[in-house]
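Undergrad: Just to be clear, the model below is a prediction. Sequence and coordinates:
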Amino acid sequence: MDIKLTESIISALELSVAFDDGTQDLLEEMYAKYAMLEKQNTNKWAQRAHLAWVCGGDTNSKFFHNATRIRRHINRITQVKDACGNLFTERAGIETAFMNSYSRLWTSSANTSFADILSLIPNDLPQLSDMDCAFLTREVTREEVRLSVFELPLGKSPGPDGFNAEFYRFFWADIEDSLFEAVNHFFTNSTMPNSWGKSYIALIPKKDSPLYVTDYRPISLCNVCFKIISKILANRLKLVLPNLIGREQAGFVSGRCPFDNIIALQEAAHTIESDCKNPPRMLIKIDIEKAYDTIHWSAILATLSKMNFPPIWISWIEACISSTSFSFLINGQPTPWIRSSRGIRQGDPISSYLFILVSQNLTSILNFALANGYVPGFDARLRINFNHLMFADDLVIITQMSRKAARSIRLCLDFYGKISGQVPNDSKSAIYFPTWANKRVASRICSILNISAATFPFRYLGILISPKRLAKSTFADIIANIKNRCSRWTHSKLSPAAKTVLINSSLLSLPLYYLSVYPIYDSILLEIHRIVRRFFWSKSCNGKGIHAVSWNDITIPKTEGGLAIRNLTLAKHSLMAKNVFKYLNCDKCIWVDILLLKYGMLNFWKDSIPAGCSWFFRGLCYTAIKIIPSLRINTVNPVQTSLLCHPWCSEVPLSLCPTYINVNLNLDSLSVSDLCSNGSWDLYKLGLLFGDWLDCFIPKLGTLDTYGNNHWIWSTKSVKQSTSAIVYQHLNSSSCWADGWLGWKRIWDLNVAPRVHHFLWLAFKGRVSTYEYLYSINMGPRNLCAMCNLMHESIEHLLFSCNLAQNVWSHVCTKLSISNPLADGFCSGGWLLCDLISPFAKAVIASASWFLWKNRCDKIFRGYSVSSLVIVARAFSHAKEFSFAHADKLGSRLILNNFSFRDGLFLFVASQWNEASEVGNVGFFCVSSNLSVMLAGAGPIQARSAEDADLLAICTAIQASVDAGLSLTHCFITGPGSSRIISQSYTLDCRIQSWINSFNFILQGANRPSIHLIPKSWASPAYKLASLASSLHMLSLFFQGRELPRWVMKDFSREGFIF
């Protein structure tokens, strides 16, 4: 009986006219029941909150970042002005302002028929192949639907139907059949229910104190059913996009990166300013006004048709984009629904792909203008010339500075606007000219394009673009941002483990993004290190804290005794290293073509850095010089390879190890091509060069490729890591790793709270702030132990030698049934490295040490302490909670689904049935409130149907539990049929009714536990036991885990249960 029903009964009884003694007794009973339900509800929500912190606290999770976020958007809208300047303060007026504004935006006013737009689209668009057509239109499968569901991001707000992605994942086993049938219906008939296309629009302020409608950013909250279909389409489409989208577009195409466009633009800006020998160039940054909201649906469908997409695919897309309707969430309440006739939703998985397909029309138009000389490219000497770069709707045109080019650009943009409905926002666009350009021509170009001139630097994709080196003051914003974040977080009581997460995920993400494309000054990076270091060790809003461990030790990997906080000085080179490999391997990126045109292929072993080069290329050269000892050529083109100055046969060039070659040869006239014959290495000539060392060099020789380019690799590259990661690991490797302690890795593998991990890290470093340590750094007196007053307080004494610690370890060993694990002391770490101690026991020991330290601090600073038994109880509870919270499925789901630790014993029952043999299997287990398995059972049963097998399995499991003396509170079953039979929701035949009578009799003897229908995935260990029953001849009961096979025990462990 839930709380609301109890409240209604109490209210009815209190207002009853015939109030007698019986009514009073019933009312008192309801009062008591109501108090009990309120207490259970309070316990449930307290347990949920605690579990959420156990799962996501002090870790890099969305829950943790939400908890630490200081600034919150105030989403309540109290007033708003429309485009005409009318002010609305009442809800009705606010609704009207938003609905009218977006109705105009999402309604197409021009003639946008499919046939008219199809006639305008360029004929040279890329064509989809027949093989790709077959791939796109293949029959949808269950696995494809499942993948689309589990690929949807979590933590997103639900759509109008109220269901989020977590619901679909959670109940996947139960809704799989129905959902697949609904999705398959869409792909068969190209229609979907109108309710699926409905979306709420959340209005997020773009700035503080928003007033106008345009000051709010609309965010679409789509139904998950619609997202699933869109995700399936997107997953198929993204695989064929690289063949349809020009290389000028770097957004949303697999294998392309925004950094490539940023670097290309940096180099173009440098050339525009520094190249005075050629005709002047100009750079035009164009902002497309409301790009996603104004795109014509007919433009999407016509583009797909022109690209040879199959008609069935086009009908799917049309069904998705035309079924949309919107309701605005204003102060939490939805407005009436409105429909749209143009635009695509940014929350839709496929929207971005459709957008760049339509933008390919602009690429084709500009490329046509390039080929015919109307809009000249950046440089005709390039391998493939270009005159524009795009990242989604960010468009930059780079061309010759001439009035003819300006007029052609205006024609191209206008023509594209007729196709797509997208027009430039001239007020937000800008033109950049070289400083030495003719001012009169520049002014005329601005008049033609109706765009104002601007000066470098400008921001593109978050990075400042400038032809010169950026001044140090340019990075003041990054430093100020980091300081502001640290200042806000300093007022929060964050553990060192939480600070580590914030530093890596938030503070250092700002400079790391820049370092991927620009070599920031070392002085700036050191300043950021200083700010972050002070924040990490700070104890209060004004306290600096004790810097117990050097920053260089903190930045080394966790397996070597550090905290793996990023070292920006090393990250500067590791992030640039991937660009070094692209340059050396002559990647097909536009910026690589520009560098090869400007500087050629430098040999970093002998060539100096070119004078007057861009600062990006200078930084690339510095990184290349730093990492060249670990580079080698894997695939060798003899013509491109220098015999002496390239590492074609070893990790270093032969010029640096001449003792291995025959110096009597005329090396100046000898080339790598002379060592080859008919496309393979000539061993005779190699023998003349290397002599007796030939056998050492043969395994290191690369593969010959006389037609391709040299292919450079990292000499020790791991296939499981990116280039940047492997280079950073190499640069950051600790010099003491050869003597490294294996226990460092074991610390972070323990299933305990992150703050316990950090405490153990400090303890094994000998840097916990005990009296002994503070005395050693002249920060305090050498006092006796606060717990025993017998010896000086060191970390080893506090956690091992102290009487309180000895009592704690004695109780721990007794409860775990293990011998003394701390024979060598605590800080020696022997207990951590011992394989005979179970992971759970190690977690208990680690937790106990943490609570010993907390107890010591409570006694010194708060004046109270607890007994050793309390510390042991806390340690076991902590270890169980974290073992339970990090289990895969059942553990967390059990608690989150309306139950708490105090709800008693839970019985899980599962059955299997073979129709041919009419033999079934039963598997069950009973678990206590502390997640300990009290009983498990498995055995064969005889049944005529699946429902019979379910009912007999339930009866068998309950009877076995009662016979074992267990008092059940809840019983979980997985069969919908048996659930309906038990609830008697329909007429039963005589045979089933006899089952029900027997079932009720058994329930009566078990004090009638509550019966719950749950998803099959909740009862995974029970199904494993049912599978085990196929090899048994009778019902078998198991009271200890070692009696069960390992494959069954693994499932119990994975689900968070212990015997």
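TA: Now that the structure is in, tell me what you want to look at.

Undergrad: alpha carbons only for contacts and neighbour counts from here, please
TA: Fine.

Undergrad: Which residues belonging to stretch 100-113 are considered buried?
TA: 102-103, 105-108, 112 (16 or more other CA atoms under 10 Å).

Undergrad: How far off centre is it?
TA: Centroid separation for stretch 100-113 versus its chain: 36 Å, with CA atoms, centre = their mean, to the nearest Å.

Undergrad: Please flag which of the buried residues of stretch 100-113 sit within helices.
TA: 102-103, 105 (DSSP state H).

Undergrad: possible to save those residues as JSON lines with distance to residue 924 and pLDDT?
TA: Conversion of those to JSON lines gives the following (distance: CA to CA, whole Å; pLDDT from 0 to 100):
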{"residue": "102", "distance to residue 924": "57", "pLDDT": "90"}
{"residue": "103", "distance to residue 924": "58", "pLDDT": "90"}
{"residue": "105", "distance to residue 924": "60", "pLDDT": "88"}
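
Undergrad: Among these, which one lies nearest to residue 932?
TA: Of all those, residue 102 has the smallest distance to residue 932: 57.1 Å, by CA to CA.

Undergrad: re earlier: how about CSV for the ones in helices among the buried residues of stretch 100-113, with distance to residue 155 added?
TA: Below are those laid out as CSV (distance: CA to CA, whole Å):
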residue, distance to residue 155
102, 27
103, 29
105, 30
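
Undergrad: follow-up on the earlier one: so of the buried residues of stretch 100-113, which two are at opposite extremes in space?
TA: Within those, 102 and 112 form the most distant pair, 18.9 Å apart (CA to CA).

Undergrad: Out of the buried residues of stretch 100-113, flag the one nearest to residue 942.
TA: When the buried residues of stretch 100-113 are compared for distance to residue 942 (CA to CA), residue 106 wins out at 64.1 Å.

Undergrad: Backbone dihedrals for that closest one, both of them.
TA: Main-chain torsions, residue 106, degrees, to the nearest 10: phi -90, psi 10.

Undergrad: Please apply the same query to residue 711.
TA: Main-chain torsions, residue 711, degrees, to the nearest 10: phi -120, psi 110.

Undergrad: in the sheet, who's paired with it?
TA: Applying DSSP bridges to residue 711 gives these bridge partners: residue 635.

Undergrad: Does it touch residue 638 like I think?
TA: No - taking contacts as CA atoms under 8 Å, residue 711 lies outside contact range of residue 638: 11.8 Å.

Undergrad: Point to the residue nearest the middle of the protein.
TA: residue 153 (8.4 Å; CA atoms, centre = their mean).

Undergrad: Surely it forms part of a strand?
TA: No - according to DSSP: H, G, I helix; E, B strand; the rest coil, the state of residue 153 is coil, so it is not within a strand.

Undergrad: contacting residues around it?
TA: residue 165 (CA atoms under 8 Å, 6 or more residues apart in numbering).

Undergrad: I'd like to know how far it sits from residue 402.
TA: According to CA to CA, to the nearest Å, residue 153 stands 48 Å off from residue 402.

Undergrad: now do residue 878
TA: Residue 878 sits 72 Å away from residue 402, going by CA to CA.

Undergrad: More neighbours: those two, which one.
TA: Neighbours per residue (other CA atoms under 10 Å) separate residue 878 from residue 402, with residue 878 holding more: 22 against 18.

Undergrad: so the more buried one touches residue 752, yeah?
TA: Yes - the pair residue 878 / residue 752 is scored as a contact, 7.3 Å apart, by CA under 8 Å.

Undergrad: so what's in contact with these two at the same time?
TA: By CA under 8 Å, 6+ apart, the residues touching both residue 878 and residue 752 are residue 847.

Undergrad: how does this protein divide into domains?
TA: The record's domain parsing of the chain by automatic domain parsing lists 3-56, 114-431, 472-566, 572-731, 741-885, 890-1054.

Undergrad: Indicate which one of those domains is closest to residue 77.
TA: Evaluated over the domains of the chain, closeness to residue 77 peaks at domain 114-431, with 6.3 Å, by CA to CA.

Undergrad: Next, the distance between the ends of the closest one.
TA: Distance between the two ends of domain 114-431: 35 Å, counting by CA to CA.

Undergrad: what does stretch 599-608 give?
TA: First-to-last residue span, stretch 599-608, CA to CA: 11 Å.

Undergrad: List the buried residues for that stretch?
TA: Neighbour counts over stretch 599-608 (16+ other CA under 10 Å) mark 603-605 as buried.

Undergrad: quick revisit: can you add distance to residue 457 and give the domains of the chain back as TSV?
TA: Formatted as TSV, those follow (distance: least, CA to CA, whole Å):
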stretch	distance to residue 457
domain 3-56	41
domain 114-431	10
domain 472-566	10
domain 572-731	14
domain 741-885	43
domain 890-1054	52
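
Undergrad: Can you flag the weakest of those domains by average pLDDT?
TA: Mean pLDDT across these is lowest at domain 3-56; the value there is a mean of 67.

Undergrad: I'd guessed residue 112 sits against residue 295; true?
TA: No - counting by CA under 8 Å, residue 295 is not a contact partner of residue 112; they are 10.5 Å apart.

Undergrad: how about stretch 796-805: buried residues?
TA: For stretch 796-805, burial by neighbour count (16+ other CA under 10 Å) applies to 796-805.

Undergrad: May I see these organised as a markdown table, with secondary structure and distance to residue 868 added?
TA: Below are those laid out as a markdown table (DSSP: H, G, I helix; E, B strand; the rest coil; distance: CA to CA, whole Å):
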| residue | secondary structure | distance to residue 868 |
| --- | --- | --- |
| 796 | helix | 17 |
| 797 | helix | 16 |
| 798 | helix | 13 |
| 799 | helix | 12 |
| 800 | helix | 13 |
| 801 | helix | 14 |
| 802 | coil | 12 |
| 803 | helix | 10 |
| 804 | helix | 6 |
| 805 | helix | 8 |
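
Undergrad: List the buried residues of stretch 146-154.
TA: Neighbour-count burial for stretch 146-154 flags 146, 148-149, 152 (criterion: 16+ other CA under 10 Å).

Undergrad: what's the answer for stretch 420-437, then?
TA: 420-424, 426, 429-434, 437.

Undergrad: Okay, and which of those residues map to strands?
TA: 430-432 (DSSP state E).

Undergrad: Tell me the one of those nearest residue 158?
TA: For these, the nearest to residue 158 is residue 430 (39.3 Å; CA to CA).

Undergrad: pretty sure the closest one contacts residue 282?
TA: No - in terms of CA under 8 Å, residue 430 does not count as a neighbour of residue 282; the distance is 10.6 Å.

Undergrad: now residue 936, which residues is it bridged with?
TA: Judged by DSSP bridges, the bridge partners of residue 936 are residue 925, residue 1038.

Undergrad: Contact partners for it?
TA: So residue 936 contacts 923-926, 1037-1039 (CA under 8 Å, 6+ apart).

Undergrad: what's the answer for residue 118, then?
TA: By CA under 8 Å, 6+ apart, the contact set of residue 118 is 299, 302-303, 306.

Undergrad: change it to 7 Å
TA: By CA atoms under 7 Å, 6 or more residues apart in numbering, residue 118 lies in contact with residue 302.

Undergrad: From residue 358, how far off is it?
TA: Per CA to CA, residue 118 is found 12 Å from residue 358.

Undergrad: and if you look at residue 560?
TA: Applying CA to CA, the value for residue 560 to residue 358 is 51 Å.

Undergrad: what does residue 1008 give?
TA: In terms of CA to CA, residue 1008 sits 64 Å off from residue 358.
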